[in-house]
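> Just the structure for this:
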Amino acid sequence: MNISWANKLPIPLYHLYHWLRNIWHDCPPVGWVNLGSLGRVKPISQDFGFDRGLPVDRYYIENFLARHAKDIQGHVLEIKEPLYTYKFGGDRITKSDILHVEAGNPKATIVADLTNADHLLSDTFDCILLTQTLQFIYDVPAAIKTLHRILKPGGVLLVTVSGISQISSEDMERWGQYWSFTTLSTQRLFKEVFDQDKVEVTAYGNVLSAIAFLHGLATKELEQSKLDYHDPEYQVLISARAVK
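Model (predicted):
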(Lines give C-alpha, C1' and ligand atoms only; values in the text may rest on other atoms or scores of the structure.)
Protein backbone atom coordinates (compact mmCIF):
# COMPACT_ATOMS: atom_id res chain seq x y z
CA MET A 1 0.00 0.00 0.00
CA ASN A 2 1.34 3.41 -0.93
CA ILE A 3 1.26 5.68 2.14
CA SER A 4 1.49 9.40 1.37
CA TRP A 5 2.21 12.26 3.71
CA ALA A 6 -1.54 12.90 3.88
CA ASN A 7 -2.08 9.57 5.60
CA LYS A 8 0.03 10.81 8.50
CA LEU A 9 -2.20 13.84 9.15
CA PRO A 10 -4.51 13.98 12.18
CA ILE A 11 -7.96 12.64 11.29
CA PRO A 12 -9.69 16.09 11.07
CA LEU A 13 -6.92 17.46 8.80
CA TYR A 14 -6.95 14.24 6.75
CA HIS A 15 -10.67 14.66 6.00
CA LEU A 16 -10.21 18.37 5.29
CA TYR A 17 -7.39 17.55 2.86
CA HIS A 18 -9.54 15.05 0.91
CA TRP A 19 -12.51 17.42 0.90
CA LEU A 20 -10.36 20.23 -0.57
CA ARG A 21 -8.75 17.85 -3.05
CA ASN A 22 -12.15 16.75 -4.35
CA ILE A 23 -13.29 20.37 -4.72
CA TRP A 24 -10.10 21.32 -6.55
CA HIS A 25 -10.44 18.29 -8.81
CA ASP A 26 -13.93 19.43 -9.88
CA CYS A 27 -13.11 23.13 -9.98
CA PRO A 28 -9.42 24.00 -9.54
CA PRO A 29 -8.73 27.38 -7.93
CA VAL A 30 -7.66 30.27 -10.14
CA GLY A 31 -4.04 29.82 -11.11
CA TRP A 32 -4.07 26.04 -10.64
CA VAL A 33 -5.27 25.12 -14.15
CA ASN A 34 -2.56 23.71 -16.42
CA LEU A 35 -3.58 24.00 -20.07
CA GLY A 36 -0.54 22.08 -21.27
CA SER A 37 -0.49 21.45 -25.03
CA LEU A 38 -3.85 23.23 -25.39
CA GLY A 39 -2.61 26.56 -24.03
CA ARG A 40 -1.93 28.08 -27.42
CA VAL A 41 -3.71 30.55 -29.70
CA LYS A 42 -3.19 28.45 -32.83
CA PRO A 43 -4.91 25.05 -33.11
CA ILE A 44 -2.95 21.82 -33.07
CA SER A 45 -4.49 21.00 -36.46
CA GLN A 46 -6.22 23.44 -38.80
CA ASP A 47 -7.75 20.57 -40.81
CA PHE A 48 -10.47 19.66 -38.28
CA GLY A 49 -8.28 16.71 -37.23
CA PHE A 50 -8.40 14.87 -40.57
CA ASP A 51 -4.59 14.86 -40.64
CA ARG A 52 -4.52 13.09 -37.26
CA GLY A 53 -7.34 10.57 -37.73
CA LEU A 54 -11.13 10.66 -37.51
CA PRO A 55 -12.36 14.15 -36.51
CA VAL A 56 -14.62 14.48 -33.50
CA ASP A 57 -17.61 15.70 -35.51
CA ARG A 58 -17.25 12.79 -37.95
CA TYR A 59 -17.40 10.40 -34.99
CA TYR A 60 -20.74 11.92 -34.00
CA ILE A 61 -22.00 11.95 -37.60
CA GLU A 62 -21.21 8.27 -38.04
CA ASN A 63 -22.80 7.38 -34.71
CA PHE A 64 -25.98 9.15 -35.80
CA LEU A 65 -26.06 7.43 -39.20
CA ALA A 66 -25.31 4.04 -37.66
CA ARG A 67 -28.29 4.50 -35.32
CA HIS A 68 -30.55 5.12 -38.31
CA ALA A 69 -28.89 2.84 -40.84
CA LYS A 70 -32.16 1.06 -41.62
CA ASP A 71 -33.52 4.36 -42.98
CA ILE A 72 -30.76 4.40 -45.61
CA GLN A 73 -32.36 2.25 -48.26
CA GLY A 74 -33.98 2.33 -51.69
CA HIS A 75 -33.32 5.43 -53.80
CA VAL A 76 -30.85 7.55 -51.81
CA LEU A 77 -29.62 11.09 -52.42
CA GLU A 78 -26.37 12.35 -50.90
CA ILE A 79 -24.48 15.62 -51.34
CA LYS A 80 -21.14 15.97 -53.20
CA GLU A 81 -20.05 12.30 -53.00
CA PRO A 82 -21.38 8.90 -51.84
CA LEU A 83 -19.45 9.06 -48.58
CA TYR A 84 -22.06 7.38 -46.40
CA THR A 85 -24.69 5.94 -48.77
CA TYR A 86 -23.14 2.51 -49.16
CA LYS A 87 -21.18 2.56 -45.90
CA PHE A 88 -24.42 2.57 -43.93
CA GLY A 89 -26.93 1.48 -46.58
CA GLY A 90 -25.07 -1.50 -48.02
CA ASP A 91 -27.18 -3.80 -50.17
CA ARG A 92 -30.37 -1.96 -49.16
CA ILE A 93 -29.51 0.69 -51.77
CA THR A 94 -31.31 0.26 -55.11
CA LYS A 95 -30.24 3.58 -56.62
CA SER A 96 -27.76 6.25 -55.58
CA ASP A 97 -27.80 9.88 -56.73
CA ILE A 98 -25.29 12.57 -55.85
CA LEU A 99 -26.25 16.24 -55.86
CA HIS A 100 -23.79 19.09 -56.32
CA VAL A 101 -24.55 22.79 -56.53
CA GLU A 102 -22.44 23.42 -59.64
CA ALA A 103 -21.27 21.49 -62.69
CA GLY A 104 -17.83 19.91 -62.78
CA ASN A 105 -18.10 17.32 -60.02
CA PRO A 106 -17.54 13.94 -61.75
CA LYS A 107 -19.33 12.11 -58.93
CA ALA A 108 -22.48 14.21 -59.24
CA THR A 109 -25.53 12.83 -61.04
CA ILE A 110 -27.64 15.90 -60.29
CA VAL A 111 -26.66 19.57 -60.49
CA ALA A 112 -28.99 21.74 -58.44
CA ASP A 113 -29.21 24.51 -55.87
CA LEU A 114 -31.48 23.28 -53.10
CA THR A 115 -32.87 26.78 -52.61
CA ASN A 116 -34.04 26.96 -56.24
CA ALA A 117 -34.55 23.47 -57.65
CA ASP A 118 -37.91 23.38 -59.39
CA HIS A 119 -36.46 21.00 -61.99
CA LEU A 120 -36.08 18.24 -59.37
CA LEU A 121 -39.04 15.85 -59.40
CA SER A 122 -41.21 15.69 -56.30
CA ASP A 123 -41.69 12.45 -54.31
CA THR A 124 -38.47 10.90 -55.64
CA PHE A 125 -36.16 9.75 -52.84
CA ASP A 126 -36.60 7.16 -50.10
CA CYS A 127 -33.77 8.72 -48.10
CA ILE A 128 -31.69 11.90 -48.28
CA LEU A 129 -28.34 12.18 -46.48
CA LEU A 130 -27.49 15.81 -45.82
CA THR A 131 -24.38 15.93 -43.66
CA GLN A 132 -22.64 19.22 -42.85
CA THR A 133 -24.30 21.16 -45.69
CA LEU A 134 -26.93 23.57 -44.36
CA GLN A 135 -24.35 25.85 -42.72
CA PHE A 136 -23.18 26.75 -46.24
CA ILE A 137 -26.66 27.66 -47.49
CA TYR A 138 -27.92 31.15 -46.67
CA ASP A 139 -31.62 30.47 -47.35
CA VAL A 140 -31.99 27.42 -45.13
CA PRO A 141 -35.84 27.43 -45.04
CA ALA A 142 -35.99 27.28 -48.85
CA ALA A 143 -33.56 24.36 -48.90
CA ILE A 144 -35.60 22.43 -46.32
CA LYS A 145 -38.78 22.95 -48.35
CA THR A 146 -37.05 21.48 -51.40
CA LEU A 147 -35.78 18.50 -49.40
CA HIS A 148 -39.28 17.83 -48.10
CA ARG A 149 -40.78 18.09 -51.59
CA ILE A 150 -38.37 15.65 -53.27
CA LEU A 151 -38.74 13.00 -50.56
CA LYS A 152 -41.26 10.25 -51.19
CA PRO A 153 -44.14 10.05 -48.71
CA GLY A 154 -42.68 8.10 -45.81
CA GLY A 155 -39.16 8.99 -46.92
CA VAL A 156 -36.52 9.94 -44.36
CA LEU A 157 -34.19 12.93 -44.26
CA LEU A 158 -31.05 12.46 -42.15
CA VAL A 159 -29.29 15.76 -41.45
CA THR A 160 -26.27 16.91 -39.47
CA VAL A 161 -25.22 20.52 -38.92
CA SER A 162 -22.43 22.26 -37.04
CA GLY A 163 -22.86 23.68 -33.56
CA ILE A 164 -19.49 24.52 -32.01
CA SER A 165 -16.94 24.51 -34.83
CA GLN A 166 -14.13 26.33 -36.50
CA ILE A 167 -14.78 28.05 -39.82
CA SER A 168 -13.96 26.11 -42.98
CA SER A 169 -11.97 28.78 -44.83
CA GLU A 170 -12.16 26.95 -48.18
CA ASP A 171 -15.94 26.66 -48.01
CA MET A 172 -16.25 30.19 -46.65
CA GLU A 173 -14.50 31.54 -49.74
CA ARG A 174 -16.27 29.26 -52.21
CA TRP A 175 -19.90 29.12 -51.04
CA GLY A 176 -20.00 31.10 -47.80
CA GLN A 177 -20.36 29.66 -44.32
CA TYR A 178 -23.35 31.37 -42.78
CA TRP A 179 -24.63 29.50 -39.75
CA SER A 180 -23.93 27.58 -36.58
CA PHE A 181 -26.97 25.77 -35.21
CA THR A 182 -28.49 24.73 -31.90
CA THR A 183 -31.11 22.10 -31.16
CA LEU A 184 -33.70 24.86 -30.81
CA SER A 185 -32.99 26.51 -34.17
CA THR A 186 -32.85 23.10 -35.87
CA GLN A 187 -36.17 22.02 -34.39
CA ARG A 188 -37.90 25.23 -35.43
CA LEU A 189 -36.55 25.11 -38.97
CA PHE A 190 -37.63 21.51 -39.62
CA LYS A 191 -40.93 21.62 -37.74
CA GLU A 192 -42.02 24.54 -39.92
CA VAL A 193 -41.95 22.16 -42.91
CA PHE A 194 -42.30 18.59 -41.58
CA ASP A 195 -44.99 17.36 -39.20
CA GLN A 196 -43.88 18.18 -35.66
CA ASP A 197 -44.20 14.60 -34.41
CA LYS A 198 -41.98 13.37 -37.26
CA VAL A 199 -38.90 15.43 -36.42
CA GLU A 200 -36.27 14.17 -33.98
CA VAL A 201 -33.35 16.47 -33.10
CA THR A 202 -30.32 15.42 -31.03
CA ALA A 203 -27.17 17.21 -29.84
CA TYR A 204 -23.76 15.58 -29.48
CA GLY A 205 -20.74 16.80 -27.53
CA ASN A 206 -19.45 18.21 -24.27
CA VAL A 207 -16.91 20.81 -23.22
CA LEU A 208 -13.97 18.39 -23.64
CA SER A 209 -14.96 17.19 -27.10
CA ALA A 210 -15.65 20.80 -28.12
CA ILE A 211 -12.15 21.86 -27.05
CA ALA A 212 -10.63 18.81 -28.74
CA PHE A 213 -12.55 19.50 -31.96
CA LEU A 214 -11.58 23.18 -32.02
CA HIS A 215 -7.95 22.17 -31.58
CA GLY A 216 -8.23 19.60 -34.37
CA LEU A 217 -7.58 16.55 -32.21
CA ALA A 218 -8.65 13.19 -33.58
CA THR A 219 -11.18 10.86 -32.01
CA LYS A 220 -8.50 8.34 -31.03
CA GLU A 221 -6.90 10.97 -28.77
CA LEU A 222 -9.92 10.96 -26.44
CA GLU A 223 -11.45 8.22 -24.34
CA GLN A 224 -14.65 6.90 -25.92
CA SER A 225 -16.59 7.32 -22.68
CA LYS A 226 -15.75 11.03 -22.73
CA LEU A 227 -16.71 11.36 -26.39
CA ASP A 228 -20.02 9.67 -25.64
CA TYR A 229 -20.91 11.99 -22.76
CA HIS A 230 -23.33 14.60 -24.08
CA ASP A 231 -23.91 17.94 -22.39
CA PRO A 232 -26.73 20.00 -23.96
CA GLU A 233 -24.88 23.22 -23.11
CA TYR A 234 -21.98 22.26 -25.42
CA GLN A 235 -23.48 21.25 -28.74
CA VAL A 236 -20.67 20.27 -31.11
CA LEU A 237 -22.96 18.60 -33.63
CA ILE A 238 -26.72 18.61 -34.10
CA SER A 239 -28.57 15.87 -35.96
CA ALA A 240 -32.11 15.76 -37.27
CA ARG A 241 -34.21 12.85 -38.53
CA ALA A 242 -37.33 14.00 -40.35
CA VAL A 243 -39.96 11.80 -41.99
CA LYS A 244 -42.30 13.01 -44.76
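
> Enumerate every residue touching the nearest residue to T124 once chain neighbours are set aside.
Using CB to CB, 6 or more residues apart in numbering and skipping the chain neighbours, the partner closest in space to T124 is I150 (5.1 Å). Every C-beta, even on glycine, is put in place using the N, C-alpha and C of the backbone. Neighbour list for I150: 77, 117, 120-125, 128 [criterion: CB atoms under 8 Å, 6 or more residues apart in numbering].

> ranges for the helices of this structure?
For the chain, the helices defined by DSSP state H cover 11-26, 56-67, 85-89, 140-150, 169-174, 183-191, 207-215, 224-227.

> can the ones you listed go into CSV with extra columns for distance to P106 and mean pLDDT?
CSV is the format used below for those (distance: least, CB to CB, whole Å; pLDDT from 0 to 100):
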stretch, distance to P106, mean pLDDT
helix 11-26, 53, 58
helix 56-67, 23, 98
helix 85-89, 16, 97
helix 140-150, 23, 98
helix 169-174, 17, 91
helix 183-191, 32, 98
helix 207-215, 31, 97
helix 224-227, 35, 97
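
> Adding distance to N105, write these out as JSON lines.
Listed next are those as JSON lines, based on distance: least, CB to CB, whole Å:
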{"stretch": "helix 11-26", "distance to N105": "50"}
{"stretch": "helix 56-67", "distance to N105": "21"}
{"stretch": "helix 85-89", "distance to N105": "15"}
{"stretch": "helix 140-150", "distance to N105": "18"}
{"stretch": "helix 169-174", "distance to N105": "13"}
{"stretch": "helix 183-191", "distance to N105": "26"}
{"stretch": "helix 207-215", "distance to N105": "27"}
{"stretch": "helix 224-227", "distance to N105": "32"}
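
> So which of those is nearest E102?
For E102, the closest of those is helix 169-174, at 9.5 Å, according to CB to CB.

> Work out the gap between that closest one and the centre of the chain.
In this view, helix 169-174 has its centroid 19 Å away from the chain centroid, taken as CA atoms, centre = their mean, to the nearest Å.

> Is D139 in contact with K145, as I believe?
No: contact criterion CB atoms under 8 Å: D139 and K145 do not qualify, at 9.6 Å.

> How many residues are close by E78?
By other CB atoms under 10 Å, 25 other residues sit near E78.

> what's it in contact with, if anything?
Counting by CB under 8 Å, 6+ apart, E78 makes contact with 84-85, 96-99, 128-129.

> ok, it to E62 distance?
Distance, E78 to E62, using CB to CB, to the nearest Å: 14 Å.

> and the longest strand seen in the chain, which residues are buried?
Criterion DSSP state E: the longest strand present in the chain is strand 151-162. For strand 151-162, a neighbour-count test (16 or more other CB atoms under 10 Å) marks 151, 155-162 as buried.

> Same list, those, but as CSV with pLDDT and distance to G216 please.
Below are those laid out as CSV (pLDDT from 0 to 100; distance: CB to CB, whole Å):
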residue, pLDDT, distance to G216
L151, 98, 35
G155, 98, 36
V156, 98, 32
L157, 98, 30
L158, 98, 26
V159, 98, 24
T160, 98, 19
V161, 98, 20
S162, 97, 15
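
> With respect to T186, which of those residues is nearest?
Looking at the buried residues of strand 151-162 and their distance to T186, the nearest is V161, at 6.4 Å (CB to CB).

> separation between that closest one and G155?
As judged by CB to CB, V161 and G155 stand 19 Å apart.

> Equivalent analysis for A143, please.
A143 is 16 Å from G155, where distance means CB to CB.

> now P43
39 Å.

> Over to H230?
Per CB to CB, H230 is found 28 Å from G155.

> correct me, but R92 touches I72?
Yes: counting by CB under 8 Å, I72 is a contact partner of R92 at 6.7 Å.
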